[in-house]
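Asks: Turn this into a structure:
(chains A and B)
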Amino acid sequence: MKVGVKYRLGLLMLCATLGCGGESLVPRYSLEGKASYNGKPIPRGMVVFSPDSSKGNNGPGAIAIIKDGQYSTEAGKGIVGGFHEVRISGYDGVPAGDLADGKPLFNGYVTTIDFPKKSGTHDFDVPLNSNSRTPSNGLAPP
Amino acid sequence: MSRRAFTLIELLVVIAIIAILIALLLPAVQQAREAARRTQCKNNLKQLGLALHNYMDTHRVFPPGSSGTRSPTTTNWCSASSGNATAMGLGAPWTVMILPFLDETPRYNTFDFNLKFMSSTNVLCGCANDTPSRVINTKFQCPSDPASGTAAINNYFGVQGGGTAVPAAPGGCSTSADARVFYNNGGLFYNSSTSPRDFTDGMSNVFLIGETKYAQHPSGRPDGFHITWASSAKYDGSGTPCTLAAARLQINSSTLDPLKTNTFDVQTQLFGSRHTGGCHFLLADGSVQFVSENINLATYQTMAIRDDGLPTGGAL
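Replies: Numbering: from 1, shown residues only, chains lettered A, B, ... in the order given. Modelled structure (predicted):
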């Protein structure tokens, strides 16, 4: 029995050193596509996907960088599917002062989309003059 | 007559077994080193927590996340333009305020609190405070971050609040199309003076400091603009807090590297670390916990709000 105890102890130590951590159990789906503002590609920007808990969706959020009108979620860090609040920011791509991505094209565009629970593509077009911020907390835009 | 001795075969078998064991163990050595760095990082955070609590015992409130003379009441208080740090009225951030409680009194005394504080290196005070702000302080650096030791960067940002939408004025504000954010629903924010009674969600349920790997490093931008551990917040067209961030985006969700690119537009929106799978947070009760990067976003955001009145995870 001595050997058994030693073996188990060794296995425990090996586990502690190597780590027996598990991977994410929530399936994540990659998403990519075009991002444009008034029909023109957005030079630089970011798309933020937040699961909409007010519509019963839960899970980790995701972000995607827009470069020259194209975006795609990072490998292994996609969206969980279902209702998401999507926030898009866009910049003109011409560095100005400490704004390396340039001046903002519009002031944060927000929309809600029901994504399928599989990898796919989705194109965003931000309408012209979408300067009205709509905070999700229901407050009037400042 | 038989002599007790090893045969050659027995000796070779023993050597072979030892060789196999070493081969098994070698790949684990690198992991053990990272585990050690991670423990040191966690301890740094714990020390900052003790310092914050000792500050609170002395002054009855936690230090201000950042401080200044500007009143946060108008809708554009963080973006109304003005020149240098003196014109903006920039005061000391929490990182400087707690120095005496971190056994760093001599360093604390190198700052002149009658003068203003620099924010990012393009908004300097032009006074004696600019120099000590740029000296490396290892108590604010995580050894797992390759940027540690190369510049006076900060790996521990105060949690100024959470949620996807930026709180409205007074208190909340954003610049650069919502990319640089000022929240005021956490424990450390602009001109904050929170005490335990303000954490109505419970001290053990609210984040106070989080790890970051996104603080702008001088090598990330061609112009070399960066922030340091002693940076104040700045208020102009591209205003930003420099030692605070909000729990807005998922942990580690940005792959931007401050050593290689501009991170000014993400550093205030999320936390993250070089450790695998998540990052450490100091809770307001002084405990340090590792939070998975796969945490439910809504749960994570409510953990950063001190008084939302919701149980952890939010109302369902």
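Asks: ok, then the element right after the lowest-mean-pLDDT helix or strand in chain A?
Replies: Here the helix or strand of chain A ranked lowest by mean pLDDT, DSSP states H and E is helix A:2-18, holding a mean of 51. For helix A:2-18, the following helix or strand on the C-terminal side (DSSP states H and E) is strand A:31-37.
Asks: Which residues outside that next one are in contact with it?
Replies: The contact list for strand A:31-37, computed with Cβ atoms under 8 Å, 6 or more residues apart in numbering or on different chains, reads A:41-42, A:45, A:47, A:49, A:62, A:64, A:66, A:69-73, A:78-79, A:88, A:90, A:105-106, A:115, A:119-126, A:128. Using the backbone N, CA and C atoms, a C-beta is placed for each residue, glycine as well.
Asks: in chain B, which spans are helices?
Replies: In chain B, the helices defined using DSSP state H lie at B:8-59, B:85-88, B:94-97, B:105-109, B:130-133, B:297-303.
Asks: Tell me where the model's unsure across chain A.
Replies: Scanning chain A for pLDDT under 70 picks out A:1-25, A:129-142.
Asks: With the stretch 101-250 of chain B instead?
Replies: Ranges of the stretch 101-250 of chain B meeting pLDDT under 70: none found.
Asks: Return the nearest residue of it with respect to chain A.
Replies: Residue of the stretch 101-250 of chain B nearest chain A, by Cβ to the nearest Cβ: B:Ala177 (3.3 Å).
Asks: Run the chain-centre distance for the longest strand along chain A.
Replies: Longest strand of chain A, by residue count under DSSP state E: strand A:82-91. Its chain's average C-alpha position is 8 Å from that of strand A:82-91, according to Cα atoms, centre = their mean, to the nearest Å.
Asks: What about the residue in the stretch 201-316 of chain B that chain A sits nearest to, how many residues nearby?
Replies: Distances between the stretch 201-316 of chain B and chain A by Cβ to the nearest Cβ are smallest at B:Asn262, namely 3.5 Å. When counting by other Cβ atoms under 10 Å in any protein chain shown, one arrives at 21 neighbours for B:Asn262.
Asks: and if you look at B:Ala169?
Replies: B:Ala169 has 17 neighbours, counted by other Cβ under 10 Å.
Asks: With adjacent residues omitted, what lies nearest to it?
Replies: Distance criterion Cβ to Cβ, 6 or more residues apart in numbering or on different chains; nearest residue to B:Ala169, sequence neighbours excluded, is B:Thr75 at 4.7 Å.
Asks: can I assume the one you found is in contact with B:Cys173?
Replies: Yes. Using Cβ atoms under 8 Å, B:Thr75 is in contact with B:Cys173, at 7.5 Å.
Asks: which one of those two has more residues nearby?
Replies: Set B:Thr75 next to B:Cys173 and count neighbours by other Cβ under 10 Å: B:Cys173 wins out with 26 against 14.
Asks: Chain neighbours aside, what residue packs nearest to that one?
Replies: Leaving out its chain neighbours, the residue that sits closest to B:Cys173 by Cβ to Cβ, 6+ apart is B:Cys78, at 3.7 Å.
Asks: roughly how far apart are that neighbour and B:Tyr190?
Replies: Distance of B:Cys78 to B:Tyr190, computed by Cβ to Cβ, to the nearest Å: 8 Å.
Asks: Now for those two: what residues contact both?
Replies: With Cβ under 8 Å, 6+ apart, B:Cys78 and B:Tyr190 have common neighbours B:Pro72, B:Phe182, B:Ala233.
Asks: Same list (these) but as a markdown table, adding neighbour count and distance to chain A.
Replies: Output for the shared contacts of B:Cys78 and B:Tyr190, formatted as a markdown table (neighbours: other Cβ atoms under 10 Å in any protein chain shown; distance: Cβ to the nearest Cβ, whole Å):
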| residue | neighbour count | distance to chain A |
| --- | --- | --- |
| B:Pro72 | 18 | 12 |
| B:Phe182 | 30 | 12 |
| B:Ala233 | 32 | 14 |
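Asks: about what we covered before: show the pLDDT at the residue nearest to B:Ala169.
Replies: Listed pLDDT for B:Thr75 reads 83.
Asks: same check, this time on the one 10 residues further on
Replies: The per-residue pLDDT reported for B:Ala85 equals 82.
Asks: any idea how far chain A is from it?
Replies: As defined by Cβ to the nearest Cβ, to the nearest Å, B:Ala85 lies at a distance of 14 Å from chain A.
Asks: Disregarding flanking residues, what is the spatial nearest neighbour of that residue?
Replies: Nearest to B:Ala85 is B:Cys125, by Cβ to Cβ, 6+ apart, at 4.1 Å.
Asks: Please tell me I have it right and that neighbour contacts B:Met88.
Replies: No. B:Cys125 is beyond contact range of B:Met88, at 9.6 Å (criterion: Cβ under 8 Å).
Asks: on that earlier part again, pick the one among the shared contacts of B:Cys78 and B:Tyr190 closest to B:Thr138.
Replies: Proximity of the shared contacts of B:Cys78 and B:Tyr190 to B:Thr138 (Cβ to Cβ) peaks at B:Ala233, which lies at 23.3 Å.
Asks: Now do the contacts for the closest one.
Replies: Per Cβ under 8 Å, 6+ apart, neighbours of B:Ala233: B:66, B:68, B:78, B:90, B:93, B:119, B:182, B:190, B:239-244.
Asks: could those go into a markdown table alongside distance to B:Gly49?
Replies: Listed next are the contacts of B:Ala233 as a markdown table, based on distance: Cβ to Cβ, whole Å:
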| residue | distance to B:Gly49 |
| --- | --- |
| B:Ser66 | 19 |
| B:Gly68 | 25 |
| B:Cys78 | 28 |
| B:Leu90 | 25 |
| B:Pro93 | 17 |
| B:Ser119 | 25 |
| B:Phe182 | 23 |
| B:Tyr190 | 21 |
| B:Gly239 | 28 |
| B:Thr240 | 25 |
| B:Pro241 | 20 |
| B:Cys242 | 21 |
| B:Thr243 | 15 |
| B:Leu244 | 16 |
